[in-house]
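**Student:** Sequence and predicted structure are below.
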Amino acid sequence: MDNILSWIIWIPIIGMVAIGFVPRGQQDLIKKIAAVTTGIQLLVAVMLWITFDATDGSFQFMERAEWIPSLGIAYILGIDGLSLPMVALNALIAFLGVFVSWNIDRAVKGYFALFLLLDTGIMGVFLSLDFFLFYVFWEVMLLPMYFLIGMWGGPQREYAAIKFFLYTLFGSVLMLIALLALYFACGNTFDMLLMMERAPFALDGVVWWGMSAIKVIWVLLFIGFAIKVPVFPFHTWLPLAHVEAPTAISVVLAGILLKLGVYGMLRINYTMLPDAVWWFAGAFAVLGMINVLWGAMCALAQKDLKKMVAYSSISHMGFLLLGMAAVIAGGAANGSNLMAAQAGINGAVFQMFNHGTISAMLFILVGVIYDQAHHRDIEGFGGLAAQMPVYSGIVALAFFAGLGLPGLSGFVSEAMCFIGAFPVFRTIVIISTIGILLNAAYFLWAFQRMFFGKLNEKYTGLVDINRRELFTVVPLLAITIFLGIYPRPFLDMIKETMNVLIDQVVIVGGIAGIF
Amino acid sequence: MSNLQSLSLYWPELILSGTILLAIIIDIFSESQQSKKVSNWVTLGLLLTLIAVAITKHSPTTLFMDTLAFDPFASFIKSIVIVATILVIVISRNSNEFKGYHTGEYYVLLAIMVFGMFLMASAIDLIMVYLSIEVVSLMSFILAGYLKDNPRSNEASLKYVIYGAFSSGIMLYGLSIIFGLTGTTNYFEIRDAIKALDGSADLALTIASVFVLAGFGYKISAVPFHFWTPDVYEGSPTPITAYLSVAPKAAGFALMIRFFNQVFVDGASLSGVGWSSTVSFSWPQLLGIISVITMSMGNLVAVQQSSVKRMLAYSSIAHAGYMLMALPTTSSEGVFGIMIYLVMYLFMNLGAFFVLIYVIEKEGGETFEHFNGLGWRMPIVGLVMTIFMFSLTGLPPTVGFIGKFYLFAAVINAGPGFYWLAFFGALNTVVSLYYYLRVVKAMYLTGEPSDVIAVPSFSMTMIFLLLAIPSVFFGIYWVPILGWVKDSLLLFVQVL
């Protein structure tokens, strides 16, 4: 199939246009169109996964077309081991998201049209190899998100939506400045492949107001991406947005949108400014540690189940930052410990994927109980295990996955991040492990309060998880268990690309190194 | 060129003058409320003028004994002015703000204003600069106060006159000092005379130029010469508000670009060589600071408004600030950025004001509350307004983003000395999102889906789409505009 990447990006737009022509009374038809569209997209993604050549660490299925030649802007797409898992994850979550949204009854047409537009925006970010295109998709994604939170969200939705938008736009405009600075430094091109080659050397030794240009650009990009992750001081939009968003949008937010930040750092910061990675790795590790502990402690204090899950996301993202920092273990200064660098980076990308599946699952499960009980107060439940046995079982598994129980995928990736970071950041890793304990504490404590003890009289009417809801959770659960036991298939897919990335940081960053 | 020769390149203006005279006569002989006829004639005349502007081609030269420049840049600004005027005439005919007023001379005044802006776009002589600004200002005063029975409109007109008189007085003073120092009113002779002065009258020259800047700043409503803007914009008939925010601004920028690039810059024009070494005053810093203050003030005050009309007034101040960012770079990229932005701004700002006119007519007011639930009740209006709001914010894929992109690119390209401008511009973009989103929020987030859907009349829908479709299309593929602007980036230059 030619232009497979273009198809995977634009299929949702076709669905969106189709929905535009459906009269708004026909809600079922709209939902079915959305399901079929994302279903086809998922099939294409699976095909992509199968045909992807894992032994090649460079970009595959490249597409290139002229767009604005006078400015050096082109339509360039490509996929490698870093974007492949994200594309697959997004296709899966979008597909499941349609079924999670099945109960939406307010302005259905608008909801699914925006949902599909969001899907296109996300796919575009993961597949663009032109920085300008990347930026356009990055921003396009914000618009539907604003409406989806603001129009279909909870009581504080307006505030949550605008806070989300303002935070992200703040990051984006800083990114725009960095993008332009890189553009002129790299000889007027937005082609990311060329920028990766040229940027490390073009900016070597350039000084702006007494600061190294590389560091300034790095920090601008970092803030832009860190807001999405979110890294510690920039995280305050997240709990609010997650809590107020409708279930399916929380799922997309936690499952995909947070990964965009990490993806951006690995794709742009790491490859275009590799020598600054050395300068910033320490800060990465410290921020990772703060994220782990801060997120976990906040989660421990929450009474709202959805908020607890939201903070657990922040905590899990911290592990990932530790793994990303570990890349410098591969440098000569740190004993050329390539194994540690590989463990760290592979672990970080694996954690991206795993957190995508696990947090998506957690948010779906929160939605299931909220739909029936109309509240999410952990203390307000109790004894649900007897009333909803299947649901309780699945929640137990999801919580275990969240706290990183061995045998489930979260454990493997978190362990890899720790193993990678340990040789370089020993103290930080040791402190961060407290986070694992805290994670276990709030998940188990919440489980105990909700499912054990005496059944609250109010909830004798609750029925167990239904088949549609099961259908949305089971695939994610299966992936979590499968990769927990046998992570090889996933790690083999990304390995070569990660080696390329490590080489870029260790070798190119080492040569260009001005620090 | 001599006066007689000049006429052969001056026939767009001649057509325009003919139109004006004809329209006055038609107005006299038509029935009192039949002003549709006048507007038809004026529109036709403007269309002919536009065609004349487009087909009058000649290598850059000067007209009427070096008082006006004839170059693609002037034609570019003229085209923008005409397109804006035609759109405003169309919307004025559809607006019910003028009910009960005789509007024949309204269209005539608009056409005279266009003539003034034509002069502004090409003036290269201090006297012509002053005259052209005055023509445009006088027409604006009358138009702002056109609603005779409306006290706010009267207030707008009076304030406008007072501020206008004051700043043009200061400007005239500055012009006379420059004349005193250099003994000439022609830009190029002034440039050479300044070189000959060789810094001996720097202080006087600087003060004079700052005075001149007051006049320019007043026309583009840059801080601190902006005080008239909110009240005038709020009190004027809304079509005039829309007009004032686009057309005179474009002409004002044309004046500034010519003045700064041809009087103070070495190597005559747009070669990117930077400010003349004979001018010791740091113009880039001053213009940069004015730009940052203008955009910040505009944005921060816009946040607090409860009237959408007033919010758009302040936002137009902010947009002048963005465009000013690129002026101190004195590079062709900078002028290019401003030109692109003017085109993009035409679509999105007129669009936003036109929707506002429609909402005032249908909902009876201009506050944010009047926009509540609009997206549900009038889906088309809501959709196009959302496009304009996101475009004014500068989000892709809309023209606003492309315009901002070129401005930022020009600033970044000018080197690290200008990065602080880009940084403030970026921060301001975030601030502006807040108040533009308030409109979107009112339209969609408040209110419930409704079964009763109102569709604007065919002509209104067409006007909306005429502005909204390019706002998105040129945001995705702006090569056509790029080509036009690139061809127009040619100013008349008199080489030493």
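**Tutor:** Arrived safely. This is a predicted model, so every value here is computed, not measured.
**Student:** only C-alpha atoms for contact and neighbour calcs from this point on.
**Tutor:** Fine.
**Student:** Tell me where the stretch 201-350 of chain B has helices.
**Tutor:** Along the stretch 201-350 of chain B, the segments classed as helices by DSSP state H, counting those that start in this stretch run B:202-220, B:228-235, B:238-263, B:283-303, B:308-326, B:332-363.
**Student:** Next up, the contacts around residue 11.
**Tutor:** Just going to use chain A. For residue A:11, the contact set (Cα atoms under 8 Å, 6 or more residues apart in numbering or on different chains) comprises A:37, A:38, A:40, A:41, A:120.
**Student:** try chain B instead
**Tutor:** With Cα under 8 Å, 6+ apart as the criterion, the residues that contact residue B:11 are residue B:52.
**Student:** For stretch B:59-73, buried residues please.
**Tutor:** Judged by neighbour count (16 or more other Cα atoms under 10 Å in any protein chain shown), stretch B:59-73 contains these buried residues: B:60, B:61, B:62, B:63, B:66, B:67, B:68, B:69, B:70, B:71, B:72, B:73.
**Student:** Now tabulate the residues you listed in CSV and tack on secondary structure.
**Tutor:** Below are the buried residues of stretch B:59-73 laid out as CSV (DSSP: H, G, I helix; E, B strand; the rest coil):
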residue, secondary structure
B:60, coil
B:61, strand
B:62, strand
B:63, strand
B:66, coil
B:67, coil
B:68, strand
B:69, strand
B:70, strand
B:71, coil
B:72, helix
B:73, helix
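**Student:** The longest strand along chain A near chain B at all?
**Tutor:** For chain A, the strand with the greatest residue count under DSSP state E is strand A:60-68. Yes - using Cα under 8 Å from any Cα of the partner chain, a contact is recorded between strand A:60-68 and chain B, made by A:67, A:68.
**Student:** one step back: looking at the helices of the stretch 201-350 of chain B, which is closest to residue B:104?
**Tutor:** helix B:238-263 (15.0 Å; Cα to Cα).
**Student:** Okay, now the unreliable bits of chain A?
**Tutor:** Low-confidence segments of chain A, defined by pLDDT under 70: A:1, A:509-515.
**Student:** Report the contact partners of residue B:36.
**Tutor:** If a contact means Cα under 8 Å, 6+ apart, then residue B:36 has B:93, B:104 as its contacts.
**Student:** got a list of what the residue nearest the centre of chain B touches?
**Tutor:** Closest residue to the average C-alpha location of chain B: residue B:249 at 2.2 Å, with Cα atoms, centre = their mean. By Cα under 8 Å, 6+ apart, the contact set of residue B:249 is B:219, B:220, B:320.
**Student:** Throw the residues you listed into CSV and include neighbour count and distance to residue B:129, thanks.
**Tutor:** Listed next are the contacts of residue B:249 as CSV, based on neighbours: other Cα atoms under 10 Å in any protein chain shown; distance: Cα to Cα, whole Å:
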residue, neighbour count, distance to residue B:129
B:219, 27, 12
B:220, 28, 14
B:320, 27, 20
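**Student:** So which bits of chain A are right by chain B?
**Tutor:** Near chain B, the residues belonging to chain A are A:67-68, A:106-107, A:136, A:139-140, A:147, A:150-151, A:158, A:162, A:166, A:169-170, A:173-174, A:177, A:180-181, A:184, A:208-209 when assessed by Cα under 8 Å from any Cα.
**Student:** returning to that earlier point: quick check: pLDDT value at the residue nearest to the centre of chain B.
**Tutor:** Model confidence at residue B:249, given as pLDDT, is 92.
**Student:** tell me which parts of chain B are close to chain A?
**Tutor:** Applying the criterion Cα under 8 Å from any Cα, the portion of chain B that neighbours chain A consists of B:395-397, B:408-409, B:412-413, B:416, B:422-423, B:426-427, B:429-430, B:433-434, B:437, B:441, B:444-445, B:449, B:477-479.
**Student:** In strands, which of the contacts of residue A:11 appear?
**Tutor:** Judged by DSSP E, the contacts of residue A:11 include no members of strands.
**Student:** In these, find the pair that's most separated.
**Tutor:** Between all members of these, the longest pairwise span (Cα to Cα) is found for A:40 and A:120 and amounts to 13.4 Å.
**Student:** List the contacts of the nearest residue to residue A:10 once chain neighbours are set aside.
**Tutor:** Ranked by Cα to Cα, 6 or more residues apart in numbering or on different chains and with sequence neighbours excluded, the top spatial neighbour of residue A:10 is residue A:120, at 6.3 Å. The neighbours of residue A:120, taking Cα under 8 Å, 6+ apart as the test, are A:9, A:10, A:11, A:12, A:13, A:141.
**Student:** roughly how far apart are the second one and residue B:383?
**Tutor:** Taking Cα to Cα, to the nearest Å as the criterion, residue A:10 is separated from residue B:383 by 22 Å.
**Student:** now swap in the third one and tell me
**Tutor:** As for residue A:11, its distance to residue B:383 is 23 Å (criterion: Cα to Cα).
**Student:** Just the element for residue A:410, please.
**Tutor:** Using DSSP states H and E, residue A:410 sits in helix A:409-421.
**Student:** What about the contacts of residue A:11, which are in helices?
**Tutor:** Within these, membership in helices is found for A:37, A:38, A:40, A:41, A:120, as judged by DSSP state H.
**Student:** Run a quick neighbour tally on the nearest residue to the second one once chain neighbours are set aside.
**Tutor:** Of all residues not flanking residue A:38 in the chain, residue A:95 sits nearest, at 4.9 Å (Cα to Cα, 6+ apart). Other residues within reach of residue A:95, judged by other Cα atoms under 10 Å in any protein chain shown, total 22.
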